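In: Quick one: sequence and predicted model below, then my questions.
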Amino acid sequence: MDIYLPIAEVSVDVFVLLGLGAAIGVISGIFGVGGGFLLTPLLIFIGVPPAMAVAASAHQVVGASVSGVLGHWRRGNVDFKMGFIMLLGGLAGSFLGVLLFTILRRLGQIELVISLSYVALLGTLGTLMGVESVRTVLRRRRPGGSRRKLHQHNWMHGLPLKTRFRRSKLYISALLPIGLGFAIGIVAGVLGIGGGFMMVPAMIYMLGMPTAVVPGTSLLQIIFVASNVTFLQAYTNHTVDAVLALVLLVSGVLGAQVGARIGTRLGGEQLRFLLALLVLTVAAKLAFDLTVRPASLYSITTEQG
Amino acid sequence: MNPGFLRRAPHRLGWAVLLFLALASGPARGAAIVADLSTHIIAIGGGFSGDSVVLFGATDGPGDIIAVVRGPDRDMTVWRKGKVAGIWVNAESVTFDNVPSFYSVAASRPLDTLLPPATAALYRIGANNLKYEPVSFVAPDRARGFAEALVEEQRRLGLFARETSKIAFLGERLFRATLAFPANVPTGTYLVQIFLVRDRDVVGGQTTPLVVSKVGIDAALYDFATREAAAYGAIAVLTAVVAGWLASLPFRGL
């Protein structure tokens, strides 16, 4: 059954959308990421224009991360001070990201930038996850293997504005979380993702935060960054399709809760390896589409005359 | 209501008017041609999958009919992909102004037997006879190449009709045609131009408007999203937050 998306001005199968939303929801619930990084490319595959896919993903990420943060908050796993300081950078970054999106769209290059960014991001992420999960499995087979040093001092610890973060048990420069938030905010604005899949490893390895408080804190600031992106996309580019967003939201938030159930029950390594495969497949498909000669060399963009 | 009935109703109306015209003494004195559409509005709703409109009318004597359907004009940028460092990117572009967003032709006989090319060009009959003016200066050869690509791309999208559709005559003076519109038809005010052709020349004509518009909740949404973008954005964010909160409720305390 097709439904007409009034803003995107295309018709898509409503069951495909529902299935997609639910599947992404389950994945995000299992792995504790927003899922936007998979949702946008998949929406593009089923024929939603990239600009609309980006905006709808940002909208869906807001719902998914509110749902997630509430869960983590009840367990006391949110570092609010860290979250809000990262947010300062995140909001500024997402403003810049949406502005960049608008400019690239006018230049006719937004689809290319979205595809290329996804190939780079998903390719890197998929490879890292795959390597990591294989290494963990191998390490488990060889007991007594080398253990990595927990904390290292480098240039980042020489920065000014040192601040104490009690929940994270850290004493670091406030510029670090601000800068991290800023960089991921830009990506969020252009790609319509919360950036959780980049934020989580950065918080663990760059900032050195304890793993327990990372997902909640990252989701907290993603709520605000994704809200800002959704609002700005609606306001400046008119690309938020209410019908598309609603269908994805409903199936997505329910899927996320189911996923969270599954995630607590299943062991991590094999699942993480499967996710890595999925991510790499999406990246490979996007990369392939970029290099294959298109059926038509020409395309048209229309402005009100 | 039965949607099938709705779809057929305009056709019946068309025939009724056609019958009336046949019984009456012919077209109004002075006009060589009288024509109308079964409806002047195409409504795009939730399950819209294209529509058709019946064009009917009468002439004051033997002759042929050509009908041109023209959607609202738009500025269109044609992008040409080129291979840069192994990947296909939008490399070149030419922007044309006042290109019809939709274009189709119907005729009672093949166009080339009806009109000499110069006359067809004069009246802009046929997608290749439209004026494609680049906004800024572009070498004529290049502009022509991009204009041809524009026509081809619009045909591929179904927005420029590939085939001339058939106008049927009932006897010598009554004519009738079905004008088809695809699911992706652009919204706005269309013009349907009807030409009367005799001896390879246009001897009469009439123009009638047709409005394509979104209706119902889709139209309301679209209007709200473009006119009150800030409020729409705020509501979108709020919906997402509330949905996220609601979804977490049944799982509280777990």
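Out: The structure has been received and is ready for your questions. Numbering: from 1, shown residues only, chains lettered A, B, ... in the order given.
In: longest strand anywhere in chain A?
Out: With secondary structure taken from DSSP state E, chain A has its longest strand at strand A:298-304.
In: Tell me which residues of that strand come out buried.
Out: Residues A:Tyr298, A:Ser299, A:Ile300, A:Thr301 are the ones in strand A:298-304 that count as buried (16 or more other Cβ atoms under 10 Å in any protein chain shown). For glycine as for every other residue, the C-beta is placed from the backbone atoms N, C-alpha and C.
In: how about the residues you listed in CSV, adding distance to chain B and pLDDT?
Out: Shown next, in CSV, are the buried residues of strand A:298-304 (distance: Cβ to the nearest Cβ, whole Å; pLDDT from 0 to 100):
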residue, distance to chain B, pLDDT
A:Tyr298, 4, 79
A:Ser299, 5, 79
A:Ile300, 5, 77
A:Thr301, 5, 76
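In: Now the phi/psi pair for the residue in the stretch 1-150 of chain A positioned nearest to chain B, please.
Out: Closest approach between the stretch 1-150 of chain A and chain B, counting by Cβ to the nearest Cβ: A:Val66, at 2.9 Å. Dihedral angles of A:Val66 (phi, psi; degrees, to the nearest 10) stand at phi -60, psi -50.
In: thinking it is in contact with A:Leu220, fair?
Out: No. A:Val66 is beyond contact range of A:Leu220, at 9.6 Å (criterion: Cβ atoms under 8 Å).
In: And the two? Which one has more around it.
Out: A:Val66 (26 against 23; other Cβ atoms under 10 Å in any protein chain shown).
In: Tell me where the stretch 1-150 of chain A has helices.
Out: Ranges of helices within the stretch 1-150 of chain A are A:14-31, A:36-45, A:50-74, A:80-106, A:110-141, based on DSSP state H, counting those that start in this stretch.
In: what do you get for chain B?
Out: For chain B, the helices defined by DSSP state H cover B:3-23, B:111-114, B:117-122, B:140-156, B:216-227, B:229-248.
In: and these as a markdown table, adding mean pLDDT, mean neighbour count and distance to B:Asn90?
Out: As requested, the helices of chain B are exported to a markdown table (pLDDT from 0 to 100; neighbours: other Cβ atoms under 10 Å in any protein chain shown; distance: least, Cβ to Cβ, whole Å):
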| stretch | mean pLDDT | mean neighbour count | distance to B:Asn90 |
| --- | --- | --- | --- |
| helix B:3-23 | 48 | 13 | 40 |
| helix B:111-114 | 88 | 15 | 34 |
| helix B:117-122 | 89 | 14 | 31 |
| helix B:140-156 | 88 | 16 | 13 |
| helix B:216-227 | 76 | 15 | 26 |
| helix B:229-248 | 82 | 19 | 27 |
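In: Out of the ones you listed, the one nearest B:Phe96 is which?
Out: Counting by Cβ to Cβ, B:Phe96 lies closest to helix B:140-156 out of the helices of chain B; the figure is 6.6 Å.
In: so what secondary structure elements neighbour the closest one?
Out: Judged by 3 or more Cβ pairs under 8 Å, 6 or more residues apart in numbering or on different chains; DSSP states H and E, the packing partners of helix B:140-156 are strand A:298-304, strand B:73-84, strand B:87-100.
In: Redo those as CSV? Include distance to A:Leu278.
Out: What follows is the helices and strands packed on helix B:140-156, written out as CSV (distance: least, Cβ to Cβ, whole Å):
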stretch, distance to A:Leu278
strand A:298-304, 29
strand B:73-84, 29
strand B:87-100, 23
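In: what's the least confident stretch among the ones you listed?
Out: Mean pLDDT per stretch puts strand A:298-304 lowest among these, at a mean of 72.
In: Okay, now the sheet partners of that one, with direction.
Out: strand B:73-84 (antiparallel) (DSSP bridges).
In: I'd like to check which residues are in contact with B:Gly188.
Out: Residues in contact with B:Gly188 (Cβ atoms under 8 Å, 6 or more residues apart in numbering or on different chains) are B:Gly71, B:Pro72, B:Ser101, B:Val211, B:Val212.
In: In those, find the pair that's most separated.
Out: B:Ser101 and B:Val211, at 13.6 Å, using Cβ to Cβ across those.
In: Neighbour count for these two, which is higher?
Out: The neighbour comparison of B:Ser101 against B:Val211 (other Cβ under 10 Å) goes to B:Ser101, with 22 against 13.
In: State the distance from the more buried one to chain A.
Out: 7 Å (Cβ to the nearest Cβ, to the nearest Å).
In: Show the model's pLDDT score for that residue.
Out: 90.
In: Torsion angles phi and psi at it?
Out: Torsion angles, degrees, to the nearest 10, at B:Ser101: phi -80, psi -20.
In: so it makes contact with B:Leu130?
Out: No. Using Cβ under 8 Å, B:Ser101 is not in contact with B:Leu130, being 11.9 Å away.
In: related to what we said a few turns ago, what does the longest strand of chain A contact?
Out: A:108, B:74-81, B:90, B:101, B:146, B:149-150, B:152-154.
In: now it and helix A:80-106, what's the angle there?
Out: Strand A:298-304 runs at 100 degrees relative to helix A:80-106, counting by axes from the mean of the first three to the mean of the last three Cα atoms, to 10 degrees.
In: Could you find the residue in the stretch 101-250 of chain A that comes nearest to chain B?
Out: Closest approach between the stretch 101-250 of chain A and chain B, counting by Cβ to the nearest Cβ: A:Ala234, at 3.2 Å.
In: check contacts around the residue nearest to the spatial centre of chain B.
Out: In chain B, the centroid-proximal residue (Cα atoms, centre = their mean) is B:Phe102; its distance is 3.8 Å. For B:Phe102, the contact set (Cβ under 8 Å, 6+ apart) comprises B:Val69, B:Arg70, B:Gly71, B:Leu159, B:Phe160, B:Phe181, B:Val185, B:Pro186, B:Tyr190.
In: can you list the residues of the stretch 201-305 of chain A near chain B?
Out: Proximity of the stretch 201-305 of chain A to chain B, by Cβ under 8 Å from any Cβ of the partner chain, involves residues A:223, A:227, A:230-236, A:238, A:240, A:242-243, A:245-246, A:249-250, A:253-254, A:256-257, A:260, A:290-294, A:296-305.
In: Can you select the buried ones from those in ChimeraX?
Out: Of those, the buried ones can be selected in ChimeraX as follows, counting by 16+ other Cβ under 10 Å:
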select /A:223,227,230,231,232,233,234,235,238,240,242,243,245,246,249,250,253,254,256,257,260,290,297,298,299,300,301
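In: Done for today, thanks.
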